[in-house]
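Engineer: For reference, the sequence and a predicted model appear below.
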Amino acid sequence: MKEISCKLLVIGAGPGGYVAAIRAGQLGIDTVIVDDQKPGGTCLNVGCIPSKALIHAAEEFDKVVRASRAKSPLGISLSDPALDLAQTIAWKDGIVGRLNSGVSGLLKKAKVKIVEGRARFRDGKTVEVATEIGLQVIRAETVIIATGSAPVELPALPFGGPVISSTEALALTKVPERLVVVGGGYIGLELGMAFARFGSTVTVVEAEQKVLPLYDSELTRPVVKRLSELGVEVLTGATARGLSAKGDALLVETADGAEKKIAADKILVTVGRKPVTEGWGREEIELDMAGRFIRIDEQCRTSMRGIYAIGDVTGEPMLAHRAMAQGEMVAEIVAGHKRSWDKRAIPAICFTDPEILSVGLSPDEAKKAGREVKIGLFPFQANGRAMTKLAEDGFVRVVARADNHLVLGIQAVGEGVSELSAAFGLALEMGARLEDIAGTIHAHPTQGEAFQEAALRALGHALHI
Ligand code: FAD
Ligand code: NAD
């Protein structure tokens with residue numbers, strides 16, 4: 001096959017890679033992108049989008065189930081709701097398909113050449129791609145590695161049979177009667193709660209002393225309460241030991257050292273993700289590593305000249321919007337623009353029931369950083385819009401410097417708070433002070449008013465509490 005030469009080669013068409021390629025194309029850079037999967041990477045195909053589709057379906061189903069069981073305060077009643085998970089999955093696949101085509105279209109519009117296959121470095125400037133019709137050699141002046149991440153497998157619980165990763169969980173066509181989730185982090189709780197709402201009996205086995213150890217207890221409390229309402233059993237400080245001999249149960253060592261056997265139709269292992277640093281010829285270019293990730297500087301340059309790395313392969317937080325922001329930045333750097341990583345905050349959202357949102361520093365993190373802080377917390381119980389949505393569980397919390405009121409962090413927990421992430425992120429990036437938020441007219445009635453009230457409360461004069 002004829003060799004291709006290009007200015008920029010992007011390996012991996014996930015949110016990091018495809019955004020880098022689109023922006024490079026827009027800037028007139030002759031760009032090639034390689035992936036053997038449909039464009040969109042983990043996020044679009046087996047991550048963010050499919051999981052949020054399933055979570056939405058679970059939320060809708062849960063609402064009708066609740067209305068069928070007890071008299072709804074809204075006056076809605078119905079009988080016998082049913083779920084056809086195969087249809088739900090087909091609907092989810094339809095969304096993924098539309099977005100796959102959308103990304104392909106955007107790449108073509110930006111005149112990016114797409115090569116389908118697995119890429120492997122021969123040397124720092126040459127990559128070979130095993131395509132369906134033979135080996136394609138690509139020579140590039142600059143390469144961006146955006147190979148993403150993959151689920152971590154537990155040695156005692158290898159994937160296969162009833163033991164599944166998030167990828168298989170997002171393709172189940174029957175609701176498992178008994179689901180055990182190993183790892184109560186992002187994926188475990190997002191999907192575990194969704195399946196509990198679909199009707200599965202769910203048990204969560206978490207090694208740490210609390211679920212979602214990334215967030216403080218004040219933020220996770222409404223989620224823990226909801227887990228209990230959903231009948232989800234949570235075993236903290238527990239270790240998965242392996243499958244039972246018959247393969248129909250998980251053996252667990254509980255916090256007090258006892259052995260427990262939990263009957264299970266499916267065991268979903270969600271104990272983290274690992275960067276994809278093997279299988280593409282890293283040994284040919286000898287990149288410096290930072291632990292298990294590729295080492296990068298503030299411009300996403302690796303230790304090898306002309307090679308950049310972005311996204312999950314470069315470190316935490318492994319989030320799609322971080323990968324996209326890096327991709328956009330690197331494309332501009334390749335085009336000769338002066339850019340470097342200067343973001344003040346990366347929002348993190350856990351799409352549990354209710355949702356958790358955090359941007360910037362939590363009160364504990366701010367205190368650990370030696371800051372004297374003012375904290376304002378406004379509960380949704382005092383917010384009219386939340387009442388009209390039966391969404392009173394949760395709050396917005398603002399953390400600011402005590403001396404000059406510069407906002408250091410904003411968190412929220414509650415139904416639908418993910419949509420507040422734009423306002424929170426903007427406030428941090430723009431260097432807002434408490435007075436800026438308090439002085440901004442927030443539309444009534446919205447849950448966003450809790451943001452303004454939290455700032456007012458930190459200033460000592462909240463109006464509606
Ligand atoms: P990836 O999306 O992993 O893409 C890497 C691509 O590189 C893949 O398409 C792969 O096929 C390709 N590739 C690898 N090796 C090669 C090679 N040798 N040759 C060619 N191609 C190669 N993040 C959020 O921000 N919000 C969420 O709600 C969210 N939900 C998630 C839910 C689940 C279930 C999972 C698993 C993840 C979720 N994430 C979420 C994380 C998010 O998916 C990742 O952070 C994001 O996809 C990282 O983007 P990336 O471009 O670095 O890599
Ligand atoms: P995670 O790091 O969020 O959670 C893993 C959990 O497993 C932790 O609570 C950890 O203590 C626990 N754990 C680790 N080893 C264990 C063991 N042997 N037994 C029991 N528990 C164990 O990882 P994840 O849920 O697999 O998600 C991976 C990454 O994907 C996340 O870190 C995040 O970056 C990304 N993600 C993001 C979103 C989102 O933004 N909404 C959603 C899903 C995934």
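Structural biologist: Received it, and whenever you're ready, just let me know what you need. Numbering: from 1, shown residues only. Ligands and ions are numbered 1, 2, ... in the order given.
Engineer: Every contact and neighbour count from this point should use C-alpha atoms.
Structural biologist: Noted.
Engineer: Which residue ranges make up each domain of the chain?
Structural biologist: Structural domains assigned to the chain are 4-46+89-151+274-334, 163-271, 348-458, following automatic domain parsing.
Engineer: Name all residues that make contact with the residue in the stretch 251-400 of the chain positioned nearest to ligand 2.
Structural biologist: Residue nearest to ligand 2 within the stretch 251-400 of the chain: residue 272 (3.2 Å; C-alpha to the nearest ligand atom). Residues counted as contacts of residue 272 (C-alpha atoms under 8 Å, 6 or more residues apart in numbering) are 151, 152, 183, 185.
Engineer: again, only this time at 7 Å
Structural biologist: Residues in contact with residue 272 (C-alpha atoms under 7 Å, 6 or more residues apart in numbering) are 151, 152.
Engineer: separation between it and residue 384?
Structural biologist: 38 Å (C-alpha to C-alpha, to the nearest Å).
Engineer: Could you export the domains of the chain as a markdown table, including distance to residue 81?
Structural biologist: Below are the domains of the chain laid out as a markdown table (distance: least, C-alpha to C-alpha, whole Å):
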| stretch | distance to residue 81 |
| --- | --- |
| domain 4-46+89-151+274-334 | 18 |
| domain 163-271 | 11 |
| domain 348-458 | 20 |
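Engineer: could the ones you listed go into a markdown table alongside mean pLDDT and mean neighbour count?
Structural biologist: Converted to a markdown table, these look like this (pLDDT from 0 to 100; neighbours: other C-alpha atoms under 10 Å):
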| stretch | mean pLDDT | mean neighbour count |
| --- | --- | --- |
| domain 4-46+89-151+274-334 | 97 | 20 |
| domain 163-271 | 97 | 20 |
| domain 348-458 | 98 | 20 |
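Engineer: can you give me the helices in this protein?
Structural biologist: In the chain, the helices defined using DSSP state H lie at 15-26, 41-46, 48-69, 85-109, 166-169, 186-198, 217-229, 282-285, 320-334, 363-368, 384-388, 421-429, 434-438, 449-458.
Engineer: of these, which approaches ligand 2 most closely?
Structural biologist: helix 186-198 (3.6 Å).
Engineer: related to what we said a few turns ago, the domains of the chain into JSON lines, with extra columns for distance to ligand 1?
Structural biologist: Putting the domains of the chain into JSON lines (distance: least, C-alpha to the nearest ligand atom, whole Å) gives the following:
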{"stretch": "domain 4-46+89-151+274-334", "distance to ligand 1": "3"}
{"stretch": "domain 163-271", "distance to ligand 1": "5"}
{"stretch": "domain 348-458", "distance to ligand 1": "7"}
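Engineer: how about those domains, which one is nearest residue 59?
Structural biologist: With C-alpha to C-alpha, the closest approach to residue 59 among those belongs to domain 163-271: 7.0 Å.
Engineer: Quote the end-to-end distance of stretch 383-393.
Structural biologist: For stretch 383-393, the end-to-end distance is 11 Å (C-alpha to C-alpha).
Engineer: now it: how far from the chain's centre is it?
Structural biologist: Distance of stretch 383-393 from the chain centroid (C-alpha atoms, centre = their mean, to the nearest Å) equals 26 Å.
Engineer: quick one on the thing from earlier: how close does the residue of the stretch 251-400 of the chain closest to ligand 2 get to residue 151?
Structural biologist: 6 Å.
Engineer: what's the answer for residue 375, then?
Structural biologist: For residue 375, the distance to residue 151 (C-alpha to C-alpha) stands at 37 Å.
Engineer: And residue 33, by the same measure?
Structural biologist: 24 Å.
Engineer: Not counting residues beside it along the chain, what's closest to residue 120?
Structural biologist: In space, and not counting its chain neighbours, residue 120 is closest to residue 280: 4.2 Å by C-alpha to C-alpha, 6 or more residues apart in numbering.
Engineer: whoops, residue 64 was the one
Structural biologist: residue 81 (6.5 Å).
Engineer: follow-up on the earlier one: out of the domains of the chain, flag the one nearest residue 60.
Structural biologist: With C-alpha to C-alpha, the closest approach to residue 60 among these belongs to domain 163-271: 9.2 Å.
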